[in-house]
Each structure stands twice: as structure tokens, then as C-alpha cells.
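**Q** just coords:
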């Protein structure tokens, strides 16, 4: 005969109280645990809202994202496409107005929207 293993879940059974017992029972307020004190000088930074968007770009420029990701992988850094784009924005933000104008005038204008399904 095989022995049964004890179930690790505990179940407590309470006897039903009569109506008289319920009336005479003393209600004791339950104290909630106090909040843990915050560490001095350390604040949790608020998470910035993330926005989802789509864009249109020429295929050769889109391929550059994959090339940059491959360079990062060989350097031991795994990056996402959005991280590559955000790093590019950060680099553009450091340019002067004249430099930014030169860079933006060197790229071709692309018709926005989704391409036809043909």
C-alpha cells in the first residue's frame, strides 16, 4: 500500500457562529502596517510617458539602422531599433542651428503615409 504525501496547502475550518455569538462578539480594529520610511535623499524618478508612432523613410536609410545595430552587437551592446533612433536624435540635438540645417537639407523629402499595396 502506497502512503499518501501530505498536501502542502493548509486549510482552516471555522465553526459556524450562531446569531447570538455574532452580536456578542467584540470587534477589534485591525491595524494596517505603517509605510516603510523613504530612504533619505533618494527619490523614485517618475517614468516618462512613452509614445508610439510610425514613420516613412527610404529603404537605404532604414538599412542603416540594421548596420548600426550590427556594429553595436560586435561591440557587445544589444540595442533596439528605437534606441538607435533615440541616440540619433540626441546627437542631432547637440548640433548648432547651422549644422542642423545642413544635415536636414542633405536628406531627401519622402512622401508620408503608407505605400500602395500593388
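**A** Now that the structure is in, tell me what you want to look at. Bear in mind the structure is a predicted one, so any value in this text is a computation, not a measurement.

**Q** List the buried residues in stretch 50-58.
**A** Of all the residues in stretch 50-58, not one is buried under the rule 16 or more other Cβ atoms under 10 Å. All C-beta spots, glycine's among them, are computed from the backbone N, C-alpha and C.

**Q** Identify all contacting residues around it.
**A** 108, 110-115 (Cβ atoms under 8 Å, 6 or more residues apart in numbering).

**Q** same thing but 7 Å
**A** 108, 110, 112-113 (Cβ atoms under 7 Å, 6 or more residues apart in numbering).

**Q** Identify, from the residues you listed, the entry nearest to residue 85.
**A** Residue 85 lies nearest to residue 110 out of those, by Cβ to Cβ, at 15.4 Å.

**Q** Please, which helix or strand holds the closest one?
**A** Secondary structure from DSSP states H and E places residue 110 outside every helix and strand.
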